[in-house]
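Participant: Sequence and computational prediction follow.
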Number of protein chains: 2
Amino acid sequence: MQEKRRDIHNSETPALCRACEARHSGLCGALEHDELLRLSRHTTIRQAPAGTQLIGEEDFVETYANVLKGVVKLTKMMADGRQQIVGLQFAPDFVGRPFQAESRVSAEAASDVVLCVFPKNSLDAMMKEQPNMEHRLLKQSLNELDEAREWMLTLGRKTAEEKVASFLYMIARHIDPTHDVDAQNAAAFDLPLTRADIADFLGLTIETVSRQLTKLRKADAIVIEANRRVSIPDVMRLRELSGN
Amino acid sequence: MQEKRRDIHNSETPALCRACEARHSGLCGALEHDELLRLSRHTTIRQAPAGTQLIGEEDFVETYANVLKGVVKLTKMMADGRQQIVGLQFAPDFVGRPFQAESRVSAEAASDVVLCVFPKNSLDAMMKEQPNMEHRLLKQSLNELDEAREWMLTLGRKTAEEKVASFLYMIARHIDPTHDVDAQNAAAFDLPLTRADIADFLGLTIETVSRQLTKLRKADAIVIEANRRVSIPDVMRLRELSGN
DNA sequence: CGCCTTATTGAACCCCATCAATATCTGTGG
DNA sequence: CCACAGATATTGATGGGGTTCAATAAGGCG
């Protein structure tokens, strides 16, 4: 149990966690100082460049992680190589699948990422004695389910143009913290995904994504600089183009 | 509090719950006799014919429900009428969205259904004092999320034929309890959905669904009688046609 | 600059949607 | 039991949105 120093430190937040976004809004927000300390003993910070495979489909997963920086994409692949992105995890999202040893998706760093990694066992144990943690996880899971269902509508029923607009609109909401419905009606961000990733997210080809982006650009709905930088002068207009 | 009779009955399962599938494998499996009794005081059984609108998108929802019989479809609709089914709930699934007053999907009886309906308040209160209940709900939510992601792959990347085969394969797994991977390799069931519903589920048109069904029929992958009755002589073959 | 990766643009094709007609099912009443 | 009507499903013909194949352009980094 090696908790020798616990009495001394149990009212202090571990240094690792102090600057962490997940400490407050993420899963770890459910934990008290001493629990946080206990978990942080088994925790490692992992940096990974874009493209790194974090866990493979059908891998046996021994760890969970919180996204601290960057974007993690969850993908599913068919035998012949067709691929679909089924989830994007932004900071401070939790990545992992409790109650199941085998993963049914693969996780990959879409951009350069920083993760807070901890062993499955530690968190599973902590979840059992901390209902509050399951509560947080349930909330995130229900939100992810809402998002997944929103994307099912996009994948099944929207046109290519609406799909691309929907994607940009979603990124704008996720990345640009300054944007609010009633706030300034503009947004700007760097795309965290390549065209290939966007295509895999929207169930389209690279070429169609590219064509729709130029179409939106020519309609003055967006401005693109250097391939990655996107400005949206009128977010509400983009929202309309997205079919919402 | 009106718990006068509780002392007498607290070790007995309410009559309502005794024959209920959800009592064991569903949410209510988390409850002890007396808690079950407490909840059952506010519970009503509701029967509804196919097509009944149970809750509308953007309704304020005051109740939750367990599906006892039949299939409930969760749908999302765009302003111009395009529609997508984003979830199918079979017995003993739970229907509802905790932690959020407003629904983001509408729920409709896909077949004739029987529901066990209880007020949001009652269950919310019970969930707070019963971590085990949140645990069950978390498990269901994570399963639904897995299924939703599976369908995102289907919607985004599969051909019409693969989509229809995937749908039939999924129904076979859900409805026919006799089927197991190594068990007898055949299945038979009544489709709980109309062609229009299947189309809305797969992001296709009615006509395409119909064409793919006849294509599968002519390839001897399925047998259809009277429009609704489907037999699958070789489930593994169907699985291959589904792209898995 | 030069090389490789990533993105855009063009042309032809194809799968699925659309429009339209026919067939089948289901339930009701004669 | 059959006839009828409305709903549901199948089948056919045509067209379009997105894919595919191919070439060019732009970005990133040594």
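Facilitator: Cool, got the structure.

Participant: CA only for contacts and neighbour counts going forward, please
Facilitator: Will do.

Participant: doesn't A:I85 make contact with A:T75?
Facilitator: Yes. Counting by CA atoms under 8 Å, A:T75 does reach A:I85; the two are 4.2 Å apart.

Participant: pLDDT at A:A19, what is it?
Facilitator: The model reports A:A19 with a pLDDT of 80.

Participant: where's it relative to A:R41, distance?
Facilitator: Between A:A19 and A:R41 the computed distance is 17 Å (CA to CA, to the nearest Å).

Participant: before we move on, what about A:C20?
Facilitator: A:C20 is 16 Å from A:R41, by CA to CA.

Participant: So the two - more neighbours on which side?
Facilitator: Per other CA atoms under 10 Å in any protein chain shown, whichever of A:C20 and A:R41 has more neighbours is A:C20, with 18 against 12.

Participant: Please report the distance of A:E57 from A:E108.
Facilitator: On the measure of CA to CA, A:E57 and A:E108 end up 10 Å apart.

Participant: In terms of neighbours, single out the busier of the two.
Facilitator: A direct count of neighbours by other CA under 10 Å for A:E57 and A:E108 places A:E108 higher, at 22 against 16.

Participant: Now for the more buried one: which residues touch it?
Facilitator: Neighbouring residues of A:E108 by CA atoms under 8 Å, 6 or more residues apart in numbering or on different chains: A:50-55, A:72-75.

Participant: Buried among these? Need that as a selection in ChimeraX.
Facilitator: The buried subset of the contacts of A:E108, as determined by 16 or more other CA atoms under 10 Å in any protein chain shown, is captured in ChimeraX by this line:
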select /A:50,52,55,72,73,74,75
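
Participant: close to DNA strand D, is the longest helix along chain A?
Facilitator: Counting residues, the longest helix found in chain A (DSSP state H) is helix A:131-157. No. Helix A:131-157 lies out of reach of DNA strand D by CA under 7 Å from any atom of the strand, never closer than 9.0 Å.

Participant: Kindly export stretch A:26-42 (C-alpha atoms) in PDB.
Facilitator: Extracted as PDB, the C-alpha positions of stretch A:26-42 are listed here (Å, rounded to 0.1, in the frame of the first residue of the first chain):
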ATOM      1  CA  GLY A  26     -12.600  16.400 -16.500                       C
ATOM      2  CA  LEU A  27     -12.800  13.100 -14.800                       C
ATOM      3  CA  CYS A  28     -10.300  14.000 -12.000                       C
ATOM      4  CA  GLY A  29     -12.600  16.700 -10.800                       C
ATOM      5  CA  ALA A  30     -14.400  14.000  -8.900                       C
ATOM      6  CA  LEU A  31     -11.400  13.300  -6.800                       C
ATOM      7  CA  GLU A  32     -10.200  14.800  -3.500                       C
ATOM      8  CA  HIS A  33      -6.600  15.700  -2.900                       C
ATOM      9  CA  ASP A  34      -5.600  12.400  -1.400                       C
ATOM     10  CA  GLU A  35      -7.300  10.400  -4.000                       C
ATOM     11  CA  LEU A  36      -5.700  12.500  -6.700                       C
ATOM     12  CA  LEU A  37      -2.300  11.900  -5.000                       C
ATOM     13  CA  ARG A  38      -2.900   8.200  -5.000                       C
ATOM     14  CA  LEU A  39      -3.800   8.100  -8.600                       C
ATOM     15  CA  SER A  40      -1.000  10.400  -9.600                       C
ATOM     16  CA  ARG A  41       1.600   7.900  -8.300                       C
ATOM     17  CA  HIS A  42       0.800   5.600 -11.200                       C
END
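
Participant: which parts of it are buried?
Facilitator: A:26-31, A:33-40.

Participant: Could you do stretch A:199-209 as well?
Facilitator: Residues of stretch A:199-209 classed as buried: A:199-205, A:209 (neighbour count, 16+ other CA under 10 Å).

Participant: ok, which of the residues you listed also contact chain B?
Facilitator: A:202-204 (CA under 8 Å from any CA of the partner chain).

Participant: Ignoring the adjacent residues along the chain, who's closest to A:G203?
Facilitator: Leaving aside its sequence neighbours, A:G203 sits nearest to B:G156 (CA to CA, 6 or more residues apart in numbering or on different chains; 4.1 Å).

Participant: And the pLDDT at the one you found?
Facilitator: pLDDT, B:G156: 98.
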